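>>> Fold the following and give me the result.
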Amino acid sequence: MRELYGLILQSFTIILILSFLIAFIFFSRLISPIEEMEQFTEMLRKGDDPGTLMIGSSDEMGRLAGNINYMVMELRDRVRYADEEKGKLEAAFASMTDGVLVLDNQDKIEAFNNSFKALFRINRDDILGQTPLEVFRNIDLQNAIDCFKEEQTPVSREITIGGEPGLVFDVNLSSIHGLPESETKTMIVFHDLTHLKKLERMRADFVANVTHEIKTPLTAILGFVETLQEGAIEDKETARKFLQTIRKHSERLNRLVDDLRTISDIELGETSLFFESVSINGVIESALSIVESRAVKKGLTVEKNVPDDLPPIRADRDKLTQILLNVLDNAVKFTPEPGKISITASDDKADNVIVKISDTGIGVPENEIPRLGERFYRVDKTRSRELGGTGLGMSIVKHLMMAHKGKIRIESRLGKGTTVSLVFPVFHEDMIV
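Here you go, the predicted model:
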């Protein structure tokens, strides 16, 4: 009996050991994949790349691992696609020529692009977290933002930002919607109209100036013609004076039309220039021969100091003559008797020939010198018209000098005189003329 009891106990012990061994093997096979899955998902949660989940079985755990791997592949593809789309949007945002500003739901600046930074010369750290009102101090812009917030529809306004003359923008406000649970942001696009507005003002000023310049001599001509028709033509002396005045105004109109056509052709690129190697000495002589008699008749002294050995310049001979004539003509007109006009030329060390035309005339206020190349700009409008000026001479000079790749510098003192320096590039054989 004792032997049977010992045998049963021994068998029970063996069965118990085997059971524990089987249970250990079973739980090891069950827990090991779970631990691997836990490590795998933990790496995913942290944003690390865990690679592929490897479970060496074909049971439920193996199939579960396969499904997890498939989902991870899908997730990787979606993240890659999202990153690509984000990159495209960021590139488009950064490369937009219009300035773009993004506000959060508290109307505080959250982001802006490079064009916005360039337009307003603003650093990122200076404005992030501030409102547009704090940055720009512009009521019109704030009113546009308030209107957009109230109506919740796109808003477009023309707004000037900054002091005079300021920057003019077409400002457009719209919403940016992300995920359903994310906040709605505001996008403000600044389209710069400053240059366009400047051109519009220039065009309006040009039309007004042309109208005025044409109307003045026309009114005078019509007045004298009516007077002649009413009987003044019977008085030969009076009729002769009137006809001389009519001719004077007609010549002024003709000069105005010629100058307008010249400057229009230059600006439209319709003026053909034939560049060649030109001796500046010969062109100066030619221009002086045209104006010198008029200067002497007015009681002016004309001096010329131009070396014979100056290098040739790259120029269109006819247009170069026109440049010199326009500057010399101004010198004669605005230099009272007994004045002096001098013309000199020299070469510098920068491969240029410099022609200087100086006079002892009425001069120009220093603050008005930068405007001398503007169309129809005159320092003394009444005096200029009396002397037959059209107001386009220096504008033509400016444009022709640009066409010659030259420079023009003007120095003047009111009541003392003016010096105009014309800088021309020296001609070289390898130049394309």
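>>> So what touches stretch 220-227?
242, 245, 246, 249, 250 (Cβ atoms under 8 Å, 6 or more residues apart in numbering). C-beta coordinates here come from the backbone N, C-alpha and C atoms, glycine included.
>>> From the contact counts, what lies against the helix or strand where the second one lies?
In this structure, residue 245 sits in helix 236-267 according to DSSP states H and E. Counting contacts by 3 or more Cβ pairs under 8 Å, 6 or more residues apart in numbering; DSSP states H and E, helix 236-267 packs against helix 194-229, helix 393-403.
>>> So which of the contacts of stretch 220-227 is the closest to residue 209?
Within the contacts of stretch 220-227, proximity to residue 209 (Cβ to Cβ) peaks at residue 249, which comes in at 17.3 Å.
>>> Let me have the contacts of stretch 220-227 in JSON lines, extended by distance to residue 398 and neighbour count.
Shown next, in JSON lines, are the contacts of stretch 220-227 (distance: Cβ to Cβ, whole Å; neighbours: other Cβ atoms under 10 Å):
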{"residue": "242", "distance to residue 398": "37", "neighbour count": "19"}
{"residue": "245", "distance to residue 398": "32", "neighbour count": "15"}
{"residue": "246", "distance to residue 398": "32", "neighbour count": "18"}
{"residue": "249", "distance to residue 398": "27", "neighbour count": "19"}
{"residue": "250", "distance to residue 398": "28", "neighbour count": "14"}
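>>> Out of those, which is nearest to residue 421?
When these are compared for distance to residue 421 (Cβ to Cβ), residue 249 wins out at 34.4 Å.
>>> The spatially closest residue to the closest one that is not a sequence neighbour: neighbour count?
Once flanking residues are discounted, residue 249 sits nearest to residue 217: 3.7 Å by Cβ to Cβ, 6 or more residues apart in numbering. Per other Cβ atoms under 10 Å, the neighbour tally for residue 217 reads 20.
>>> residues in contact with residue 217?
Residue 217 neighbours (Cβ under 8 Å, 6+ apart): 249, 250, 252, 253.
>>> Also residue 238?
With Cβ under 8 Å, 6+ apart, residue 238 has these contacts: residue 232.
>>> Could you do residue 172 as well?
Going by Cβ under 8 Å, 6+ apart, residue 172 touches 154, 155, 156, 188, 189, 191.
>>> Please identify the deepest-packed of the helices and strands packed on helix 236-267.
helix 393-403 (a mean of 20; mean count of other Cβ atoms under 10 Å).
>>> other SSEs contacting it?
Taking 3+ Cβ pairs under 8 Å, 6+ apart as the contact cut, helix 393-403 packs with helix 236-267, helix 317-333, strand 407-413.
>>> Output the below-cut-off pLDDT ranges for the stretch 101-250 of the chain.
The stretch 101-250 of the chain contains residues with pLDDT under 70 at 178-182.
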